[in-house]
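>>> Quick one: sequence plus predicted model below, questions after.
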Amino acid sequence: MLQYEKEFDPAPEGGGSSSDARTGEAETDSAAGYAADDEVYVFDDERVVLAVNVALKTGRPLLLFGPPGSGKSSLAPNVARVLGWNYHAHVVTARTEPEDLLWRFDALKRLNDAQAHKLDADISTYYVKGPLWRAFAPEDGVRSVVLLDEIDKADPDLPNSLLGPLGSLSFPVPWDDRVSVSAEPGEEPFVVITSNDERELPRPFLRRCVVYEFGPPSHEHLLRVAASHLGKDYDEHLTGQVADYILSVRDVVADPAAGPSTAEFLDALKACRRLGVTPGTKEWDMLRTITLHKRREGLEPLG
């Protein structure tokens with residue numbers, strides 16, 4: 001156990017090694033349904049907790065690498081839950097512009113108002129605040145966690161365009177560059193950025209981030225994730241069988257990093273529980289094909 005002064009600590013007061021301590025979430029009631037992906041998180045790797053604390057203390061964004069389904073996107077909402085902060089998210093696409101993360105001009109609303117002869121003389125009325133604006137200037141005074149998901153899907157210029165706003169935690173309002181939106185001392189946001197490493201990010205951008213890379217989940221980690229999501233419906237023997245199969249698939253697929261994700265593992269496990277399917281049966285052969293294989297190179301298709 002790493003010993004240092006934590007601003008972010010997912011373990012409950014007093015420590016302990018229970019499932020609740022690792023997830024920061026109360027046991028799921030199976031009668032109410034399974035927990036969603038962003039409702040629980042297994043903080044069983046001290047390196048992840050350290051990376052969060054380093055980013056918080058330095059004021060730098062936390063840039064997360066790792067294969068799809070490794071838990072990158074789930075980290076941010078769970079940090080917000082543990083800290084009791086607001087949460088804002090934006091999924092980046094090839095069409096995302098830097099301004100989309102700061103503000104968006106609602107041209108349609110302005111046009112409708114003009115046609116109805118209700119045009120507001122205050123142009124700021126037609127600007128919608130983006131996730132960084134809401135995080136830099138929270139209306140309720142509560143700090144925020146911001147997730148910028150899959151930044152490598154954006155135009156290569158977008159990361160460099162964020163250097164200014166993320167470095168100074170401020171940017172000028174779009175209608176008057178003499179006025180800035182700035183994070184007040186003590187209200188700075190925690191920014192989490194994820195990448196699937198599909199495109200190389202600019203070096204200046206990397207230098208201004210705290211970087212952490214997720215590896216493939218271990219057998220023990222998969223069991224803890226299943227326990228935190230399934231609660232009273234958790235079956236250790238069945239979970240172990242499905243986890244063993246997930247790990248065996250990594251040795252067969254052409255790209256081990258592209259093997260079944262944790263979310264797909266949970267899908268297969270939940271289907272087994274609800275349908276009464278067990279590994280080694282004909283039904284399992286069909287179920288694993290549609291929940292885990294999914295035309296991955298090196299895995300046989302359903303016959």
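Everything's here; your move. Numbers count the residues shown, from 1 in each chain.
>>> and the nearest residue to V277 once chain neighbours are set aside, what element?
With sequence-adjacent residues excluded and distances taken as C-beta to C-beta, 6 or more residues apart in numbering, V277 is closest to E283, at 4.6 Å. For the C-beta atoms, the positions are set from N, CA and C on the backbone; glycine is no exception. Taking DSSP states H and E as the definition, one finds E283 inside helix 282-288.
>>> and the residue nearest to V277, how far is that from Y245?
Distance of E283 to Y245, given as C-beta to C-beta, to the nearest Å: 14 Å.
>>> And for P10?
29 Å.
>>> neighbour-wise, which of those two wins?
P10 (22 against 16; other C-beta atoms under 10 Å).
>>> Which of the three states applies to that one?
When classified by DSSP: H, G, I helix; E, B strand; the rest coil, P10 comes out as coil.
>>> That one against L50, yeah?
No - with contact defined as C-beta atoms under 8 Å, P10 does not count as touching L50 (11.8 Å).
>>> where along the chain do the strands fall?
Listed in chain order, the strands of the chain (DSSP state E) span 62-65, 86-91, 103-105, 127-129, 144-149, 170-173, 176-182, 190-195, 210-213.
>>> Need the ones you listed in TSV (columns: mean pLDDT and distance to D267).
Listed next are the strands of the chain as TSV, based on pLDDT from 0 to 100; distance: least, C-beta to C-beta, whole Å:
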stretch	mean pLDDT	distance to D267
strand 62-65	97	22
strand 86-91	96	20
strand 103-105	92	34
strand 127-129	93	35
strand 144-149	97	20
strand 170-173	94	40
strand 176-182	92	41
strand 190-195	96	21
strand 210-213	96	25
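>>> Tabulate those strands (TSV), appending mean neighbour count and distance to A227.
Shown next, in TSV, are the strands of the chain (neighbours: other C-beta atoms under 10 Å; distance: least, C-beta to C-beta, whole Å):
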stretch	mean neighbour count	distance to A227
strand 62-65	23	24
strand 86-91	18	24
strand 103-105	16	41
strand 127-129	15	39
strand 144-149	24	25
strand 170-173	16	43
strand 176-182	12	43
strand 190-195	25	25
strand 210-213	18	24
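>>> now these in a markdown table, with distance to R203?
Putting the strands of the chain into a markdown table (distance: least, C-beta to C-beta, whole Å) gives the following:
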| stretch | distance to R203 |
| --- | --- |
| strand 62-65 | 12 |
| strand 86-91 | 24 |
| strand 103-105 | 28 |
| strand 127-129 | 31 |
| strand 144-149 | 18 |
| strand 170-173 | 23 |
| strand 176-182 | 27 |
| strand 190-195 | 14 |
| strand 210-213 | 12 |
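>>> Out of these, the one nearest K232 is which?
Comparison of these against K232 by C-beta to C-beta identifies strand 86-91 as nearest, at 27.5 Å.
>>> CA atoms of the closest one as CSV?
Output of strand 86-91 as CSV, limited to C-alpha atoms (Å, rounded to 0.1, in the frame of the first residue of the first chain):
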residue,chain,number,x,y,z
ASN,A,86,-20.1,17.9,-10.3
TYR,A,87,-19.5,15.8,-13.4
HIS,A,88,-19.5,17.0,-17.1
ALA,A,89,-18.7,14.8,-20.1
HIS,A,90,-18.1,15.3,-23.8
VAL,A,91,-17.5,12.5,-26.3
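>>> I'm done for today, thanks for sticking with me.
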